[in-house]
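*Asks:* Sharing a model prediction with you, sequence too.
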Amino acid sequence: MTTGSVPRQDDGLAVSPRTGAVAELSVLIVNYNSWRECAHAIASLRQHGPTRPDGSPMPFECIVVDNLSPHRDAGAIAAVEHELLLLAEQQHDPLAGRLVMHHENGGYSKGMNVAFRLSRGRQVLVSNPDVLFLPDLLTKLQRHLERDARAGCVVPKGFWDPERSGRLPPNTLPTLREVFWTTLGAFWPKLSHRYAKKLARRWLSVWEADRPVVLPMMSGCMFLIERDFFASIGLFDERYPLYYEDTDLSVTIRKAGRTVTQVPDAHLVHFVNRSGMSDLETMWKRHHTSRRLYYRKWYGRLGTLVLRAADWLLAVPALQRWRRFVPATPIVDFGESDAPPVIDFGRDCERYLLLMSLDARFYLAAGMLGSGRQWTPSQLGFSYFVNATFYFTAYDLSGGRFERLGTWRYHCMSHLGVSVVKPGARP
C-alpha cells in the first residue's frame with residue numbers, strides 16, 4: 001500500500017499486480033479532512049462490491065488521494081489505511097487498496113486525475129469520501145452503463161441519511177438564464193419564490209422517477225464512466241480548484257453526444273460537503289474562482305460580462321437597500337435547540353413535500369415526502385444533522401396540488417449526534 005507521496009512521474013503508470021485478478025473497476029476518491037468518513041465509505045464499499053453481468057464478483061480497486069489535508073491525524077490516517085488493507089486482502093491484490101499522500105492541494109480535479117492515472121479498471125467510479133455504498137448500488141449503475149450505448153456516465157439517486165428518508169436534489173445546470181433570474185430574485189422576492197417553486201417541481205419529478213432519467217448535469221459526489229470514454233474527453237479540467245468540475249464535465253459529455261443518466265434504483269447516501277465545512281474560507285475562494293472559469297469557458301466574453309454585472313449588482317452599496325429577501329410565508333422560528341425539530345403543517349396532508357435547506361431561498365434543498373400533519377427526523381436521521389441554521393418549507397401535494405404550507409427556521413445545537421450546548425446555557 002502506498003503511504004508516502006507518489007512521484008509525479010509515476011502518476012500515469014499502469015501497474016499489474018503479481019497475484020490475484022486485475023481490477024476491472026477502479027473506485028477513485030479524493031480526500032480532504034474527511035478521514036473518518038472516508039474509512040466508513042471504504043468499509044461499505046468492501047461490503048457492497050461490484051459484480052459482472054453474470055452476477056459473479058468483479059475484481060476492483062480503491063485509490064484514495066489525499067489533497068494535502070491540514071488535519072493529518074495519525075489515527076485517522078491509520079483507519080483509512082486499515083480499510084484499504086482489508087480491501088486489498090479481500091481482492092487478493094496488493095495494489096487493490098492504495099493511499100496516495102499527495103504533495104499539493106491542486107484541487108479536486110487534479111487529485112482525481114492523479115488517482116485515474118494510477119488506476120487500471122475499464123470502468124471508473126468517481127466518488128466523494130463522505131458517502132455510504134448501499135446494497136446493489138454499484139451493480140445497478142454498472143448494468144445500466146453496459147446496456148445503454150448513449151450513456152456517457154450514470155449517477156445514483158442521492159439521500160442524506162441511511163434510512164433514505166431525505167432525498168438530495170439533482171444539480172441545476174448553471175446558465176446565463178439562471179444568473180439572470182437569481183440576480184433579479186435578490187431584489188424582487190416574488191421572482192425568487194417563483195424560481196424556487198419551479199426548482200422544487202423539477203426535483204420532485206426526478207425524485208419520483210422510477211425509470212432512468214437524462215439529467216442536464218451530474219452531481220460529482222458519484223458517477224460511473226467507462227475508462228476509454230473518460231480518457232477520450234480529457235478527464236477533469238484541472239483548472240477548476242473546487243466545484244464546477246462536475247458541471248464542466250457534464251457539458252463536455254453532452255457535447256460529445258452522450259447523456260448523463262440517473263439510475264433510479266441505484267441509491268447512495270451522501271453526507272454533503274463534509275470536506276468543505278472543514279475549511280469554509282478556502283472553499284468559498286475556490287468556488288468563486290471555479291464559477292468565473294466555467295462561465296468564461298462555456299459562454300466566452302458574454303459569460304464573463306454577465307457574471308461581472310450580476311456580482312456588481314449584488315455588491316454595490318447604492319443598491320443594497322433594494323436588496324431584501326422576504327419569505328413566501330412568515331417564518332416560524334424554533335430558535336436554538338439540541339432536540340429534533342417538529343414541523344407542524346397546520347392540517348392533515350394526504351401527501352406532502354418538505355424541503356430542508358441551509359438557504360432561506362430554497363435554491364438547493366433536500367426533500368422529504370410523506371403524509372400526515374407533522375414531520376420530525378428519526379433519532380438516526382437527527383444524528384446526521386450538523387451545527388447550523390436550517391430552513392424548512394412544505395407543500396401540500398394532496399389531490400395534485402402544489403400548495404405552500406409554511407416556512408420554518410431552526411438552529412441546530414447538535415453536531416453529528418453530539419450536543420454543542422454549553423453547560424449551564426439551558427434556562
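*Replies:* Received, thanks.
*Asks:* Just give the closest residue to residue 379, not the sequence neighbours.
*Replies:* With sequence-adjacent residues excluded and distances taken as Cβ to Cβ, 6 or more residues apart in numbering, residue 379 is closest to residue 340, at 7.9 Å. All C-beta spots, glycine's among them, are computed from the backbone N, C-alpha and C.
*Asks:* So that neighbour sits against residue 376, correct?
*Replies:* Yes. Taking Cβ atoms under 8 Å as the definition, residue 340 is a contact partner of residue 376 at 5.2 Å.
*Asks:* Of the two, give the one with the bigger neighbour count.
*Replies:* residue 340 (16 against 13; other Cβ atoms under 10 Å).
*Asks:* Quickly note the distance from the more buried one to residue 131.
*Replies:* Applying Cβ to Cβ, to the nearest Å, the value for residue 340 to residue 131 is 24 Å.
*Asks:* How about residue 172?
*Replies:* Distance, residue 172 to residue 131, using Cβ to Cβ: 21 Å.
*Asks:* Which one of those two is surrounded by more residues?
*Replies:* Set side by side, residue 172 and residue 131 show more neighbours around residue 131, with 25 against 17, by other Cβ under 10 Å.
*Asks:* Angles on the backbone of that one, please.
*Replies:* Backbone dihedrals for residue 131, given as degrees, to the nearest 10, come out at phi -130, psi 170.
*Asks:* which SSE is residue 79 in?
*Replies:* Assigned by DSSP states H and E, residue 79 belongs to helix 74-91.
*Asks:* Which strands or helices does the helix or strand just after that helix pack on?
*Replies:* Sequence-wise, the next helix or strand beyond helix 74-91 is strand 97-101, with elements assigned using DSSP H and E. Other helices and strands packing on strand 97-101, by 3 or more Cβ pairs under 8 Å, 6 or more residues apart in numbering; DSSP states H and E, are strand 60-66, helix 74-91, helix 108-118.
*Asks:* which residues touch the helix holding residue 79?
*Replies:* Counting by Cβ atoms under 8 Å, 6 or more residues apart in numbering, helix 74-91 makes contact with 1, 3, 20-21, 23, 31, 35-36, 38-39, 42-43, 45-46, 59-62, 64, 94-99, all of which sit outside it.
*Asks:* Quick one, which of the residues you listed are buried?
*Replies:* Buried by 16 or more other Cβ atoms under 10 Å: 20, 23, 31, 35-36, 38-39, 42-43, 45-46, 59-62, 64, 95-99, out of the contacts of helix 74-91.
*Asks:* got the buried residues for the longest strand seen in the chain?
*Replies:* Of all segments of type strand in the chain, defined using DSSP state E, the longest is strand 343-357. Buried residues in strand 343-357, counting neighbours by 16+ other Cβ under 10 Å, are found at 343, 345, 349, 352-357.
*Asks:* Just name whatever secondary elements it is in contact with.
*Replies:* Contact analysis of strand 343-357 by 3+ Cβ pairs under 8 Å, 6+ apart lists helix 189-207, strand 366-375, strand 389-396, strand 403-412 as its packing neighbours.
*Asks:* per-domain residue ranges of the protein.
*Replies:* Structural domains annotated on the chain: 8-277, 280-322, 331-419, as defined by automatic domain parsing.
*Asks:* how about those domains in CSV, adding mean pLDDT?
*Replies:* Below are the domains of the chain laid out as CSV (pLDDT from 0 to 100):
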stretch, mean pLDDT
domain 8-277, 92
domain 280-322, 92
domain 331-419, 96
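*Asks:* Of those, flag the one that's most buried.
*Replies:* domain 8-277 (a mean of 19; mean count of other Cβ atoms under 10 Å).
*Asks:* Tell me the gap between that one and the middle of its chain.
*Replies:* Here the centre of domain 8-277 is set off from its chain's centre by 8 Å, with Cα atoms, centre = their mean, to the nearest Å.
*Asks:* May I have the secondary structure class of residue 139?
*Replies:* Following DSSP: H, G, I helix; E, B strand; the rest coil, we place residue 139 in the helix state.
*Asks:* doesn't residue 409 make contact with residue 330?
*Replies:* No. The criterion here is Cβ under 8 Å, and residue 330 misses it with residue 409 at 10.7 Å.
*Asks:* residues touching residue 158, list them.
*Replies:* Here residue 158 is in contact with 167-168, 219, 221-222, 268-270 (Cβ under 8 Å, 6+ apart).
*Asks:* And residue 291, by the same measure?
*Replies:* By Cβ under 8 Å, 6+ apart, the contact list for residue 291 reads 174, 243-244, 307.
*Asks:* now residue 353
*Replies:* By Cβ under 8 Å, 6+ apart, the contact list for residue 353 reads 200, 204, 367-369, 394-395, 397.
*Asks:* First-to-last residue distance for stretch 179-197?
*Replies:* Across its full length, stretch 179-197 reaches 17 Å end to end, with Cα to Cα, to the nearest Å as the criterion.
*Asks:* what do you get for stretch 126-141?
*Replies:* End residues of stretch 126-141 are separated by 12 Å (Cα to Cα).
*Asks:* Taking the contacts of residue 158, tell me the two that lie furthest apart.
*Replies:* Checked with Cβ to Cβ, the contacts of residue 158 reach their widest spread between 167 and 222, with 14.9 Å between them.
*Asks:* and stretch 375-391, C-alpha only, in PDB?
*Replies:* C-alpha atoms of stretch 375-391 as PDB (Å, rounded to 0.1, in the frame of the first residue of the first chain):
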ATOM      1  CA  TRP A 375     -42.700  15.800  10.400                       C
ATOM      2  CA  THR A 376     -39.700  15.200  12.600                       C
ATOM      3  CA  PRO A 377     -36.500  13.400  11.900                       C
ATOM      4  CA  SER A 378     -35.900   9.900  13.400                       C
ATOM      5  CA  GLN A 379     -33.200   9.600  16.000                       C
ATOM      6  CA  LEU A 380     -30.800   8.100  13.500                       C
ATOM      7  CA  GLY A 381     -31.700  10.800  10.900                       C
ATOM      8  CA  PHE A 382     -31.100  13.600  13.500                       C
ATOM      9  CA  SER A 383     -27.700  12.200  14.300                       C
ATOM     10  CA  TYR A 384     -26.600  13.400  10.900                       C
ATOM     11  CA  PHE A 385     -27.600  17.000  11.400                       C
ATOM     12  CA  VAL A 386     -24.800  19.500  11.800                       C
ATOM     13  CA  ASN A 387     -24.500  22.600  13.900                       C
ATOM     14  CA  ALA A 388     -26.100  25.100  11.500                       C
ATOM     15  CA  THR A 389     -29.200  27.100  10.800                       C
ATOM     16  CA  PHE A 390     -31.800  25.100   8.800                       C
ATOM     17  CA  TYR A 391     -34.800  26.400   6.900                       C
END
